[in-house]
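**Q** Fold the following and give me the result.
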Amino acid sequence: MQAKNFVLSEYLNRIGFSGDPKIDYKTLRSLMLRQLFSVPFENLDVQAGKIVSLVPEDIVEKIVRRKRGGYCYEVNGLFAMALQAIGIPYQFVAARPMFYPMRRPKTHMAVVATVEGKKWLCDLGFGSYGIREPLSLSELNILINQGHDEFKLSKINEREYLFEAKVDGEWKNQYSFDLYEPEWIDFAPANYLNSTHPEAVFVQKYLVIQHTEDGRKVLFGDTLKITKNGQTEIQTVTPHSRNDLLRDHFNLGVAD
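**A** Down below sits the predicted model:
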């Protein structure tokens, strides 16, 4: 994943990463956390009636230089650019969201990186129940605690992985994926669907998520949920107050 305008030092400054990045798990984990804490998952462009650009240079301009966020293709695509610049091997994976009442196409995209002889699922753009740190593909059927969240990976069959999260005390399927390696252009149809289809959640409602050191902030439609140390505060958001909220809680500009 390359962009002519991607500069590793600018990216590291954008996410607040300090130190010398290396080809190891410590760097992979730190990069993921720092990006999650500084780059929000957001669909403001879709809500403004725009089709999200998958041009790599547009992603860099939007997130690194204009200090915006993005949804899965953008934030995971930018993460992949950083991995490539550092020299960490990775591949994209196409994932099938499984929390809908009916079977859906593979409209989600994540990254699998390889360091220290292991493959790690890295996903900075899934949403409310997304992971905060890499998950090892070799550690299956094990409860993984990340902060106050609980996750696990298992196998559906010989080639397909299942990612689950504990939601309100129950395990819920989030998405499945395999290690077939798609090309970047293969995500264009799913991106178009997510940007334009009336049944796509990104078209229907505002969805903005910012991970924090002790929890996360989630704007979904007209509701803001702030989770801190396992406790959740809920606020109602009006159209009049939304722009101030985006600025104050997510460091984002006007939603238009």
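**Q** so how far is whichever strand or helix holds residue 241 off the chain centroid?
**A** For residue 241, the element it lies in under DSSP states H and E is helix 239-250. Here helix 239-250 is found 21 Å from its chain centre; the criterion is Cα atoms, centre = their mean, to the nearest Å.
**Q** which helices and strands sit right next to that helix?
**A** When contacts are defined as 3 or more Cβ pairs under 8 Å, 6 or more residues apart in numbering; DSSP states H and E, helix 239-250 packs onto strand 207-212, strand 215-220, strand 223-228. Just so you know, the C-beta spots here come from the backbone N, C-alpha and C atoms, and that holds for glycine as well.
**Q** which ones are touching the residue nearest the centre of the chain?
**A** Centroid-nearest residue in the chain: residue 125, 1.1 Å away (criterion: Cα atoms, centre = their mean). Listed by Cβ atoms under 8 Å, 6 or more residues apart in numbering, the contact set of residue 125 reads 41, 70-76, 109-110.
**Q** One more: residue 219?
**A** 206-209, 237, 245-246, 249-250.
**Q** do the same with residue 181
**A** Residues in contact with residue 181, defined by Cβ under 8 Å, 6+ apart, are 91-93.
**Q** if we can go back for a sec, just the buried residues of the contacts of residue 125.
**A** 41, 70-76, 109-110 (16 or more other Cβ atoms under 10 Å).
**Q** Between all of those residues, which two are at the greatest distance?
**A** 70 and 110 (14.2 Å; Cβ to Cβ).
**Q** one step back: tell me which entries of the contacts of residue 125 lie within strands.
**A** 41, 109-110 (DSSP state E).
**Q** With distance to residue 47 and pLDDT as added columns, please give those in JSON lines.
**A** Shown next, in JSON lines, are these (distance: Cβ to Cβ, whole Å; pLDDT from 0 to 100):
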{"residue": "41", "distance to residue 47": "13", "pLDDT": "97"}
{"residue": "109", "distance to residue 47": "20", "pLDDT": "97"}
{"residue": "110", "distance to residue 47": "23", "pLDDT": "98"}
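**Q** Looking at those residues, which is nearest residue 153?
**A** residue 110 (11.9 Å).
**Q** Quick check: bridge partners of residue 207?
**A** residue 220 (DSSP bridges).
**Q** Cross-check the contact I'm expecting between it and residue 222.
**A** No. Residue 207 is beyond contact range of residue 222, at 11.8 Å (criterion: Cβ atoms under 8 Å).
**Q** the more surrounded of the two?
**A** residue 207 (20 against 14; other Cβ atoms under 10 Å).
**Q** for that one, what are its contacts?
**A** 41-43, 127, 201, 219-220.
**Q** Would you mind measuring from it to residue 37?
**A** 18 Å (Cβ to Cβ, to the nearest Å).
**Q** And residue 73, by the same measure?
**A** 20 Å.
**Q** for the stretch 1-150 of the chain, which spans come out with low pLDDT?
**A** Filtered on pLDDT under 70, the stretch 1-150 of the chain yields no residues whatsoever.
**Q** Skipping adjacent residues, who's closest to residue 209 in space?
**A** Leaving out its chain neighbours, the residue that sits closest to residue 209 by Cβ to Cβ, 6 or more residues apart in numbering is residue 41, at 4.2 Å.
**Q** Check residue 230 too.
**A** For residue 230, the spatially nearest residue (Cβ to Cβ, 6+ apart) is residue 148, at 4.2 Å.
**Q** For that neighbour, the count of nearby residues, please.
**A** Residue 148, neighbours per other Cβ under 10 Å, totals 13.
**Q** so what's it up against?
**A** Contacts of residue 148 (Cβ under 8 Å, 6+ apart): 215, 227, 229-230.
**Q** And these, which of them are buried?
**A** Buried among the contacts of residue 148 (16+ other Cβ under 10 Å): 215, 227.
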